[in-house]
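# Curious how this folds, go ahead:
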Amino acid sequence: MTMQRDVHDELRARLHEAAGAHEPNRERILARIERGMAGQERTDHRATRPPLWGWARIVGATAAVAGMLAVGGYAVASAVKDDPPQQTVAVSPTPVKSPDATSRPPASPKATPSSGGGPQDPVEPSNPPSRTAESTPSAPPAAALLPATDDTEDGPLWSDGSVDPHSNDFWAQSNITLKTSEQLTALTVQLRVAQTGGVSSTGAWRSLPEDDFTLTVAEQDGFLVYTWMLKEGRTVPKGEWVFAGQYDHDRGGRDAKDDTYAIAATTDGQERAVGGDFASRDDDEGDS
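I've put the predicted structure just below:
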């Protein structure tokens, strides 16, 4: 009984130690028990034992092992219960970015083995496929400049150019007035504002229906050019009409002496043209 108690105490100590390490190993425990029992048998027992006592020893040892395993399992469960479970966080490996067609460096020349064992000729790298250029919306093409003329009257047409009196030190509006005594089947009106510094469009309007005209605004040859073109199939009735271009400019009273306008029209199958310039600032001040 003392031998079994000693073995039991040793087993409990080892099981508690194994439970603390969280690595219980049933096979190692059984192997240690068998080795301990074999050593005790050689030292304490006599060479000859009655067969009945041998079977009793085997049955007792088996019972002791079963009891110790039960106690060991309880110790393991107690040890595991006493120690709080440690949580571990699984961290995924950092993804490796695979190079794509845009980041892959150009292929380096590769050598191919020659049949004669001599110097190897480098293979020229193949050209990478070219990307298709993305289409970007383009601004409407600038209208062709109309021929300049100083004739303000031609047949049924009459015209005049003036700077709107509401213009100020930072902003201005140039007005083109057109009078026609006949219906027009084609009409193009063009305003050319000289780039005197900071000139940029802020808008445009006309007294005729907006849907009847196509408007383009563009920088051309040092001028900000406004072009109104009557759409095909539309007409301009008899009357007096205004076409106006608005723009910012550098601070100060702007001089419009280099600004011009031109008008091309068709009436009764005949082409007509009028045009002119704008009164300079000095002329306006003199008139006042």
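# residue ranges for the strands of the chain, please.
Secondary structure of the chain (DSSP state E): strands located at 110-111, 122-123, 153-154, 157-163, 171-180, 186-194, 200-206, 213-220, 223-230, 239-248, 260-267, 270-277.
# how about low-confidence regions in the stretch 1-150 of the chain?
Within the stretch 1-150 of the chain, the segments meeting pLDDT under 70 span 1-5, 7, 19-25, 39-142.
# mind redoing it with 90?
For the stretch 1-150 of the chain, the stretches with pLDDT under 90 are 1-145, 148.
# got it, and the stretch 151-288 of the chain?
Of all residues in the stretch 151-288 of the chain, those with pLDDT under 90 make up the ranges 253, 279-288.
# got the end-to-end distance for stretch 242-261?
Terminal residues of stretch 242-261 lie 13 Å apart, using C-alpha to C-alpha, to the nearest Å.
# Kindly apply the preceding question to stretch 193-211 instead.
24 Å.
# Just the buried positions in that stretch, please.
When burial is assessed from 16 or more other C-beta atoms under 10 Å, stretch 193-211 yields the following buried residues: 193, 194, 195, 196, 199, 201, 204, 206, 208. C-beta here means a position set from N, CA and C on the backbone, and glycine is covered the same way.
# out of everything not next to it in sequence, what's closest to the third one?
The shortest distance from residue 195 to any non-neighbouring residue, by C-beta to C-beta, 6 or more residues apart in numbering, is to residue 222 (5.1 Å).
# Can you pull the phi/psi pair for that neighbour?
Geometry field for residue 222 lists phi and psi as phi 80, psi 10, criterion degrees, to the nearest 10.
# ok, it to residue 196 distance?
From residue 222 over to residue 196 the distance is 10 Å, taken as C-beta to C-beta, to the nearest Å.
# hang on, isn't the residue nearest to residue 195 packed against residue 194?
Yes. The pair residue 222 / residue 194 is scored as a contact, 6.7 Å apart, by C-beta atoms under 8 Å.
# quick one: contacts for residue 265?
Neighbouring residues of residue 265 by C-beta atoms under 8 Å, 6 or more residues apart in numbering: 157, 180, 184, 186, 187, 188, 236, 271, 272, 273.
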